[in-house]
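Asker: Using only what follows, build the 3D model:
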Amino acid sequence: MSSNQQRVQRRRDSLRPEGQNLRGTIYDIIFEADSPAGKAFDIALLFAILVSISIESLQTVPGFTQQPQLLNLFNISEWILTFLFTIEYLLRLFCVRKPLRYIFSFWGLIDVLSILPSYITYFIGTSSRSFVIIRSIRLLRVFRVLKLWRMMNEADELASAIWKVRDKIIVFVAVVLVAVTISGTLMYHIETYSQGIIDEPAEDLAVVLNLDPTTIGKVMDQENYIVLETGATPLKYHQLLTPDEYLNAQKEYNDDIFSADIGPDAIVKMVAAVNLEDMIDKLEIRIETASTPDTQSTLERELEVVKSIREINSRPQSKFTSIPQSMYWAIVTMTTVGYGDVVPQTAPGKVISAMLILLGYSLIIVPSTFVSAEFLQKRQRNSEEAAPCEQCGATGQRSDADFCYRCGVRYQR
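Answerer: Reported below is the predicted structural model:
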C-alpha cells in the first residue's frame, strides 16, 4: 500500500465508527463504494443530483415558465429531492464517528449548501425584492455535482500530486498575473490614448478648446485640475485648481455640484463637449470674408486642425475603458478563448495581442506538465518497491527492508 493510500485509509478509519453495528453498516454504504450496496447508493445519488440540476435548469426555460402545471410538477419533484438529500445528510451525521467534525468539513459544508436554498426559499419567499438573491442562493445546489469526487479513487492521488508541485504552480500563476497586469495596463493606455485626441499638439488643442497651450500642458501633466462644470459655486469654467484647492473646494461646496478633472481624461471630456461642426461652419464663413491673405491662411490652418480633431473624435470609442477591463481582455486572450467583445483597434495594440496569444500557447501546458511529471516520478518510485509481504500481503515494502512494516515477519533473502 502506497503512502497516499495509507493516509486515505487512516482518514477513513478515523471517521468510521468502531465495530460491526448499524452505524458501521450505514457508513460503509454511504461513504464507501466497495460493496454492491455502496455502489448502488452512489449511482442513485448521482442520478438524484443530475435530476435536481436538470429541474433547476428547465425552470429557467421560457417555454416551461409559461406552463403552471409543469412548474408545479417541477416544484414537487424538487421538494422530494430536497427531502431525500436532507435524509442523506442526517444519515451521514448519524453514522460518522465525530458528527461535529464532519459538519465543518469541506464535504459537510457542501451537503448543507445543497439543501439550504430550498428551505431558505420556503421561509423567506420569492418576492420581487428578494427573487434575484434567492435564485443566486439556489444555484449553490450545483455543488452537489462535487460529490462525484467520492466515486473517484484517483482524486486523492491527483490532489497529492498537485500539492507536491504547489510551489511551481504558485510561481507559474504569479508569472501569469504579472503578464496579465503589464499587458492589460499597457493596452489600456495604448487603446485609450494612442493615436487619439491627447496625441495632438497642445497648440492644436488650444484652437479647439480656446485655451492657451500652457494651461493644456498643466492639465495633461496632472499638475492642475480644470473645472468642467461650475454648478452653483463661484468657480469659473475652465478654471485651474491645484490638488489642495480642489480638495478644499470639495469640502466647501459639498452641497453644490461642480465637476473638475485632471490628466488626459479631462482633455478628452473637454473636446467632446465642443461643437466641432459649428466651429467648422464659422471658420469657413470667416475664411470667405477674410480681409488679408495672412488672416485667411491662419484661419485655413485652424480649420484644418479642427477637421483633424473632428475625424479623431469620431472614431469608435475604445472598449478598453479601464485597467480591470483591459486585464480581463488579457486573460481571455492569453487563454486563447477570444470572446471578441473587447478587441484592439490600433496597430501597437494588435501587436501586443499577437504576442500575448503566443505567450498563452506556450504557458497553457505548463501546469499539466508539472502534474504529469509528478505522476511519472511516483510511478517510478512505486516500481522500485519490493514485492508484497508473503505473510500479510502488505504492499509498499521498501526494497532494502529486512522486516515487513505491518506484521514484522522477517524476509527470506
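
Asker: Now for Q296: which residues touch it?
Answerer: Residues in contact with Q296 (C-beta atoms under 8 Å, 6 or more residues apart in numbering) are 287, 290. Heads up, the C-betas are built off the backbone N, CA and C, glycines and all.

Asker: Which pLDDT value goes with it?
Answerer: Per-residue pLDDT puts Q296 at 90.

Asker: What helix or strand is it located in?
Answerer: helix 293-313 (DSSP states H and E).

Asker: Tell me the buried residues in the helix or strand following that helix?
Answerer: Downstream of helix 293-313, the first helix or strand assigned by DSSP H and E is helix 323-334. The neighbour-count criterion (16 or more other C-beta atoms under 10 Å) identifies 323, 325-334 as the buried residues of helix 323-334.

Asker: any chance of the residues you listed in CSV, with distance to T292 and pLDDT too?
Answerer: Converted to CSV, the buried residues of helix 323-334 look like this (distance: C-beta to C-beta, whole Å; pLDDT from 0 to 100):
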residue, distance to T292, pLDDT
I323, 51, 81
Q325, 51, 88
S326, 50, 89
M327, 55, 90
Y328, 56, 91
W329, 53, 92
A330, 55, 91
I331, 60, 91
V332, 58, 91
T333, 56, 90
M334, 60, 87
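
Asker: what helices or strands is the helix or strand where V227 lies leaning on?
Answerer: Using DSSP H and E, V227 maps to strand 225-229. Contact here means 3 or more C-beta pairs under 8 Å, 6 or more residues apart in numbering; DSSP states H and E; on that basis strand 225-229 packs against helix 213-220, strand 240-241, helix 243-252, strand 259-261, helix 264-272.

Asker: what about dumping the CA coordinates of stretch 92-100 to CSV?
Answerer: Extracted C-alpha coordinates of stretch 92-100, given in CSV (Å, rounded to 0.1, in the frame of the first residue of the first chain):
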residue,chain,number,x,y,z
ARG,A,92,-24.2,11.0,7.3
LEU,A,93,-24.2,12.8,10.7
PHE,A,94,-25.6,9.6,12.3
CYS,A,95,-23.0,7.2,11.1
VAL,A,96,-19.8,9.1,11.3
ARG,A,97,-17.7,8.9,14.5
LYS,A,98,-17.4,12.6,15.0
PRO,A,99,-20.5,14.4,13.6
LEU,A,100,-19.3,17.9,14.6
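
Asker: any residues touching it, and which ones?
Answerer: 14-18, 23-24, 26-27, 30-31, 102-103, 108, 111.

Asker: tell me how far that stretch is from the chain's mean position?
Answerer: 35 Å (C-alpha atoms, centre = their mean, to the nearest Å).

Asker: What are the buried residues along that stretch?
Answerer: Under 16+ other C-beta under 10 Å, the buried positions of stretch 92-100 are 92, 95-96.

Asker: Going by distance to I190, which of the residues you listed wins?
Answerer: Nearest to I190 among those: R92, at 55.6 Å, using C-beta to C-beta.

Asker: okay, now the closest residue to V305 other than its chain neighbours: neighbour count?
Answerer: Counting by C-beta to C-beta, 6 or more residues apart in numbering, V305 lies nearest to D204, which is 4.6 Å off, once chain neighbours are set aside. Using other C-beta atoms under 10 Å, D204 has 19 neighbouring residues.

Asker: Let's have the helices and strands packed on strand 225-229 in JSON lines, adding mean neighbour count, distance to S183 and mean pLDDT.
Answerer: As requested, these are exported to JSON lines (neighbours: other C-beta atoms under 10 Å; distance: least, C-beta to C-beta, whole Å; pLDDT from 0 to 100):
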{"stretch": "helix 213-220", "mean neighbour count": "18", "distance to S183": "25", "mean pLDDT": "90"}
{"stretch": "strand 240-241", "mean neighbour count": "18", "distance to S183": "35", "mean pLDDT": "92"}
{"stretch": "helix 243-252", "mean neighbour count": "13", "distance to S183": "31", "mean pLDDT": "88"}
{"stretch": "strand 259-261", "mean neighbour count": "17", "distance to S183": "27", "mean pLDDT": "89"}
{"stretch": "helix 264-272", "mean neighbour count": "18", "distance to S183": "20", "mean pLDDT": "85"}
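
Asker: So which of the ones you listed is nearest E88?
Answerer: Smallest distance to E88 across the helices and strands packed on strand 225-229 (C-beta to C-beta): 56.7 Å, for helix 264-272.

Asker: Give me the next element, helix or strand, following that closest one.
Answerer: Counting by DSSP H and E, what follows helix 264-272 is helix 276-288.

Asker: which helices and strands sit right next to that following helix?
Answerer: For helix 276-288, the packing partners by 3+ C-beta pairs under 8 Å, 6+ apart are helix 293-313.

Asker: let's see 10 Å
Answerer: helix 202-209, helix 293-313 (3 or more C-beta pairs under 10 Å, 6 or more residues apart in numbering; DSSP states H and E).

Asker: If I take the helix holding Q296 and helix 264-272, what angle do their directions form?
Answerer: Angle of helix 293-313 versus helix 264-272, following axes from the mean of the first three to the mean of the last three C-alpha atoms, to 10 degrees, is 120 degrees.

Asker: I appreciate the help and will end here.
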